[in-house]
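[1] give me the fold of what follows.
(one chain, ligands or ions: 1)
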Amino acid sequence: MTTELDAMEVDLLARVAASEDTAALEAVRLEALGKTGVISALLKSLGSMSPDERRVQGPLINGLRDRVAGAIAARKAELEAAELDAKLAAGKLDLSLPAPPRRRGVVHPTMQVMDEMIAIFAEMGFALAEGPDIEDDFHNFTALNFPPRHPAREMHDTFFFPPNADGERKVLRTHTSPVQVRTMQRTNTPPAAPWIPGGQEPPIRIISPGRTYRCDSDATHTPMFHQLEGLVIDRNIHMGHLKWTLDQFIARFFELDGVVTRFRPHHFPFTEPSAEMDVQCDTSGGEVKIGVGTEWSEIVGCGMVHPNVLRNCGIDPDEWQGFAFGFGVDRLGRLKYGMPDLRDMFSSDVRWLAHYGFSAFAAPNPASGLS
Ligand code: DAH
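    Residues are numbered from 1 along each chain as shown. Here you go, the predicted structure:
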């Protein structure tokens, strides 16, 4: 029996070594260790042996099985490596195939529009100022001449924080106008943060873009939106300067000559007189066309800074005057680029962004065109 097993082992190991590919090796494996293989038959025969016989034959047969199985596994690894090498050596890389498309990020239209606005106003000599999103009552309302019972001070219009220990309720700023106050106030205390203006002597010429918040949500309102505030304080400033500045801006922003605008009387607590400026448009075709048609779209609130606001900020209204304006940035973007629903702007749908977004390399500058 031993010699028989030895002969079987020599034969099987020789055939394993001689297998030229994985298919040939698999044939040898089935012949030895498959269901009807020779070693499997020997293992089965152990069951019908006497215990004494099994004690002798068991280790011999199992040893044979282990050595043959080990040799097959080793040869298999060898053959697979060789087959992979051969495949790699034979394979060719087709460089003419197009590369799979890469997902690329885009600039959100609101940010693009803000950059466009900043570029235009920067060219007119406006400096950039910023303020905090979480404001106090003084900067958001009181300094801006809001009377105590003004509707904007109501819970249903404005997001208030719970009162702090002193009973003070902070707000999410409802407009960018508090930055006017922060800019005009010349306190000797250092600014609360490096990006909060510490105050400036007149003359002042600033714009302030940023986020604003109100309890509002429909196709033309979102609870968070963006405004861009402008403030000019100087001597002998009048409504003519305001109108010229806004008309210049509108023509450049929409890249249209002779866009017709109109000034409509309005009321803001912080300006007197106050106005809203509308731009001529046509929405009859389902999309907004600027500069044609018989409709008007409101784009900016503005006016001459109220003497009370100047006083509240420590500026003498008999010496200094000024104008201010506040644009809705998202609304301007919607008019220029034709988005149907303002809420889509902030739903973070990548398909919407891919459609309306801008290339990061298309940074707006007035010399090369804005959009
Ligand atoms: N703060 C106003 C608003 O949120 C917009 C505005 C109107 C800003 C007139 C101004 C201004 O500076 O003069 O509706």
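[2] now do the buried residues in the helix ranked longest in the chain.
    Determined from DSSP state H, the single longest helix within the chain is helix 51-90. Neighbour counts using 16 or more other Cβ atoms under 10 Å place Gln57, Ile61, Leu64, Arg65, Val68, Ala71, Ile72, Arg75, Lys76, Leu79 of helix 51-90 among the buried residues. Where you see a C-beta, it was placed from the backbone N, CA and C, and this is true even at glycine.
[3] same check, this time on stretch 169-189
    So, applying 16+ other Cβ under 10 Å, buried residues of stretch 169-189: 170-185.
[4] does the ligand sit close to it?
    Yes: remark: stretch 169-189 sits within contact range of the ligand at His175, Ser177, by Cβ under 6 Å from any ligand atom.
[5] what's the answer for stretch 143-157, then?
    No: against the ligand, stretch 143-157 shows no contacts by Cβ under 6 Å from any ligand atom, the least distance being 8.0 Å.
[6] what about that stretch, start to end distance?
    Start-to-end span of stretch 143-157 (Cα to Cα, to the nearest Å) is 19 Å.
[7] show me which positions of it end up buried.
    So, applying 16+ other Cβ under 10 Å, buried residues of stretch 143-157: Ala143, Leu144, Asn145, Phe146, Arg153.
[8] stretch 258-273 too?
    Val259, Val260, Thr261, Phe263, Phe268, Pro269, Phe270, Thr271.
[9] what lies in contact with that stretch?
    Applying Cβ atoms under 8 Å, 6 or more residues apart in numbering, the external contacts of stretch 258-273 come out as 144-147, 150, 177, 180, 239, 243, 246-247, 250-251, 274-280, 290-291, 296, 298, 301-307, 309, 323-324.
[10] mind checking the end-to-end distance for that stretch?
    25 Å.
[11] now that stretch: mean pLDDT?
    For stretch 258-273, mean pLDDT rounds to 94.
[12] what do you get for stretch 296-305?
    Per-residue scores along stretch 296-305 average to 95.
[13] what about the helices in the stretch 201-350 of the chain?
    Counting by DSSP state H, counting those that start in this stretch, the stretch 201-350 of the chain has helices at residues 239-253, 307-312, 329-337, 350-356.
[14] need the winner for burial among these.
    helix 329-337 (a mean of 22; mean count of other Cβ atoms under 10 Å).
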